[in-house]
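Student: take a look and give me a structure for this.
(2 chains)
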Amino acid sequence: MSVAVALFRKLLGMAVTLLVTSFLVFSSLYLAPGDPVSFLVKGRSPSPAELVAVRKEFGFDQPFPARYWHWLDAVLHGDFGRSYLFHESVGAVIWARLPASLLLVGVSTVLIAVVGIGAGAFSALRHGTRTDKSVLLLVTVGAAVPSFAAAVVLRSVFGVRLGWFPTIGNGTGLLDELHHVALPAVALSVTFMALVTRVTRASMLDELGREHVEVALSRGAPRGSVLRRHVFRNALGPILTVSGLLVSGMLVSTAIVETAFGMSGIGSLLVQCVDELDFQVVQALVLLVVAVFVVVNTLVDLVHPLIDPRIAAGGGAR
Amino acid sequence: MSTTVLVRRPLLGRLRGGFLAHGRLFQVCLVLLVAFVVVALFAPWLAPQDPTVGDFADTMAGPGAAHLLGTDQGGHDTFSALLVGTRTSLLGPLCVVAFSSAAGIGVGLFSGWRGGWVDAVIGRVLDILFAFPSLLLAILAVALFGKGLGGPVLAMAIAYMPYTARLVRGLTAQERTRPYVSAYLVQGHAPVFVAVRRLLPNLGPTVLAQSTVNFGYALLDLAALSFLGLGVQPPTPDWGAMINQAQAAVLQGQPLSAVVPAVAVVLVVVAFNVVGEQLGDRLARRDAR
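Tutor: The predicted model follows:
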């Protein structure tokens, strides 16, 4: 019973947050200087008929709340309007570029998870040794390297100087695409790897020092199973909590990395559409990233008690 | 229980622990920051050449006597651009931090002092603002207000405000229960006076530490924006814009004009992080005593 109520409350909270953010993104159009119609057709020379069409499409003859409702209704049905730049529906434009970005984010996520959690756990288990200190040093450097700087250096060294990887474009076919995505994925991951390594290390050290771990080890329980069942499982919590930030951070950073490597994806699409004043696409992409953040955070909230039952039981671990 | 725990943006991580915990590094970083500020103030007189004028006879030159750090593909002197670029690269984040700290202090103080449902509502609003990544909000601002620093700086001030607001709110709520606050109130001082003139100054150092950390992040975001060609517009020298313009040179095997500003960005961000974190740590230790 209480589980159902908690689930309902979380989903309701998510719906409210999504509603408010959608309203903010929608009304941002009215912050633009000047008349919204002339803002939407800025940089083009529309015919009077086109102006009438824009007015009708956005419902500028209706009051503001009705316009928002009309827009929200369309968005919920997957209709984000039309892109002036590509003469296609915004949904189709984004959909066409989504796979490339998902591949980039997917490969980066694997890199971040494997290297970040691996290095974090590794250095926590060797706390205080030289290995631990060098991991810390790497984390310190990695955390300060912005993705555009990493992109420039990687491109220059492995792309131009050594010629191991292509320096531009997406590639065709899975293997070629992976070859193209390798450097961008590393550039995208550097900062986040450092974050995950640090969080994993801190949370593993926290768990390693707990009494129940010491008791289990001193009673002769196998070290591997204690580490897996008591240390690592409990240490996952803090890593999960940052995953919402990770995902939205990666999605925004695709703008930088895709632009740097001349790739086509939603990140470079965002930059291109800001550059060429295609506001409908920008609005849809902003909404997408914010929605992903909110949904992932809610999912983490829902999954967390499954991993750590103390949260569901007591409202808060420790 | 320490009262000063900075609200961190975990994306970049805290730069400390191990060899970073020593005071020597703190001093080096502080000197580095002062040096950058001095360069920013006197850049036009320090720069050997005008970085906005390209010498087309000498493009993509290596480091040498004529050009200390070489030139980019437009023949602009990299060293001069680096020096003059310090100005825009530091001025943008300064405005972001000034605006976001002022707004955050106001919102946080009000929220923490009032408590109750006002506090709860403001907390929810801050939660929603956290859902907008600062760089994304800055890009949206460019879409609305056009390229340049004005729109993005304002947008990022809004994006960074919740970090300061949440910190100040927590501290205010704690500080409010202290005896000196009730003493002032019992003596009949106006609550606004007690909150602003008596309570707020006690939060100053902590807010300063948070703002220092924010400065590094804001610099990174604005450099990224200029790198995307949406922030500072050429020929105005800026580190992010320099890296963007040097892309062609990178492909032709002359990465120096891109690497130099990238190193500058990393150095300043590390320095701001170290100084901010250590300020925060010193405060935490002072409070723990």
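Student: alpha carbons only for contacts and neighbour counts from here, please
Tutor: Fine.
Student: what bits of the stretch 201-318 of chain A have low per-residue confidence?
Tutor: Scanning the stretch 201-318 of chain A for pLDDT under 70 picks out the ranges A:311-318.
Student: please repeat the previous calculation with a cut-off of 50.
Tutor: By pLDDT under 50, the weakly predicted segments of the stretch 201-318 of chain A are A:314-318.
Student: ok and the residue in it nearest chain B?
Tutor: Distances between the stretch 201-318 of chain A and chain B by C-alpha to the nearest C-alpha are smallest at A:Val274, namely 5.0 Å.
Student: could you find the closest non-adjacent residue to that residue?
Tutor: The shortest distance from A:Val274 to any residue other than its chain neighbours is 5.0 Å, reached at B:Ala143 (C-alpha to C-alpha, 6 or more residues apart in numbering or on different chains).
Student: and that neighbour, what element?
Tutor: Using DSSP states H and E, the element containing B:Ala143 is helix B:134-145.
Student: OK, contacts around the residue nearest to A:Val274?
Tutor: Residues near B:Ala143 by C-alpha atoms under 8 Å, 6 or more residues apart in numbering or on different chains: A:Val274, A:Asp275, A:Leu277, A:Phe279, A:Val282.
Student: next one: A:Asp79
Tutor: A:Asp79 is in contact with A:Ser89, A:Val90, A:Gly91, counting by C-alpha under 8 Å, 6+ apart.
Student: report how many residues lie close to A:Ser156.
Tutor: Neighbour count of A:Ser156, defined by other C-alpha atoms under 10 Å in any protein chain shown: 25.
Student: quick check, it in a strand?
Tutor: No. Counting by DSSP: H, G, I helix; E, B strand; the rest coil, A:Ser156 is not part of a strand but helix.
Student: let me see the contact set for it.
Tutor: By C-alpha under 8 Å, 6+ apart, A:Ser156 lies in contact with B:Val250, B:Leu251, B:Gly253, B:Pro255.
Student: surely B:Ala159 touches B:Leu137?
Tutor: Yes. B:Ala159 lies in contact with B:Leu137 (C-alpha atoms under 8 Å); the separation is 7.1 Å.
Student: B:Gly253: what secondary structure?
Tutor: Here B:Gly253 is coil, with the state taken from three-state DSSP.
Student: so what's it closest to, chain neighbours aside?
Tutor: A:Val160 (6.3 Å).
Student: my read is that A:Val54 contacts A:Val37, right?
Tutor: Yes. Using C-alpha under 8 Å, A:Val54 is in contact with A:Val37, at 7.2 Å.
Student: next, the buried residues of stretch A:272-288.
Tutor: Going by neighbour count (16 or more other C-alpha atoms under 10 Å in any protein chain shown), the buried part of stretch A:272-288 is A:272-275, A:277-287.
Student: got a list of what the nearest residue to B:Gly106 once chain neighbours are set aside touches?
Tutor: Nearest residue to B:Gly106, sequence neighbours excluded (C-alpha to C-alpha, 6+ apart): B:Ala165, at 7.6 Å. By C-alpha under 8 Å, 6+ apart, the contact list for B:Ala165 reads B:Ser101, B:Ala103, B:Gly104, B:Ile105, B:Gly106, B:Val107, B:Gly108, B:Leu109.
Student: okay then, goodbye and thanks.
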